[in-house]
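Student: have a look; sequence and predicted model below, questions after that.
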Amino acid sequence: MKKVFTGALIIASLLVAAYLYQKYRIAPGIQFETLELTGLNGQPVNLKNYKDKKLFINFFATWCGSCLAEFPALDKAAEILMPDNFVFISISDEPLPLLNRASARLALQHITILHSVKKLKQQQIFTYPTSYLLNVKGNVVFKKTEEADWDTPEMIQTLKERAD
């Protein structure tokens, strides 16, 4: 009886671990050019408009403490990297009025906040914040989940090197 219980417990643990890994990993193969986005004014925005730019794309939620905590460092990194052809975009699927209030409260100077028409879960985004760096060819060259110190000299150097 003890062996059966132990075996069942191991199998259950493996299933839970597999489920959590699938749910909280980096989204596989997001097609960034097909994301349905709007500006905070509700007008459609296409990421193709940023052709020939190094795009840093950050998925966030206004209820996510880590997301809000990293915005000052993200904004500073955007300022530092702007001369190197970087554009920083943060995307949420929350209602526009909520995003407009958050944008005003955050007072970001160098990050564009966009609204995803589709739920981020439909894009396989389950962890906030989730960030990607795309080079000028649109290839993902860096990805990270969870909060980071984006404005440190080491991280700035990493982003520059990966984007080139």
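Tutor: Now that the structure is in, tell me what you want to look at. Numbers count the residues shown, from 1 in each chain.

Student: quick check, Glu79 in a strand?
Tutor: No: counting by DSSP: H, G, I helix; E, B strand; the rest coil, Glu79 is not found in a strand; it is helix.

Student: wait, what's in contact with Ala73?
Tutor: Ala148, Asp149, Trp150, Asp151, Thr152 (Cβ atoms under 8 Å, 6 or more residues apart in numbering). C-beta coordinates here come from the backbone N, C-alpha and C atoms, glycine included.

Student: among those, who's most crowded?
Tutor: Highest neighbour count within those: Trp150, with 25 neighbours (other Cβ atoms under 10 Å).

Student: that one and Leu40: what is the separation?
Tutor: According to Cβ to Cβ, to the nearest Å, Trp150 stands 22 Å off from Leu40.

Student: same deal with Lys54?
Tutor: In terms of Cβ to Cβ, Lys54 sits 23 Å off from Leu40.

Student: mind listing the helices in this protein by residue range?
Tutor: Secondary structure of the chain (DSSP state H): helices at 2-24, 65-81, 96-106, 153-163.

Student: and these, which one averages the lowest pLDDT?
Tutor: Per-stretch mean pLDDT for the helices of the chain is lowest at helix 2-24 (a mean of 59).

Student: what about Gln31, how many neighbours?
Tutor: Neighbourhood size, Gln31 [other Cβ under 10 Å]: 8.
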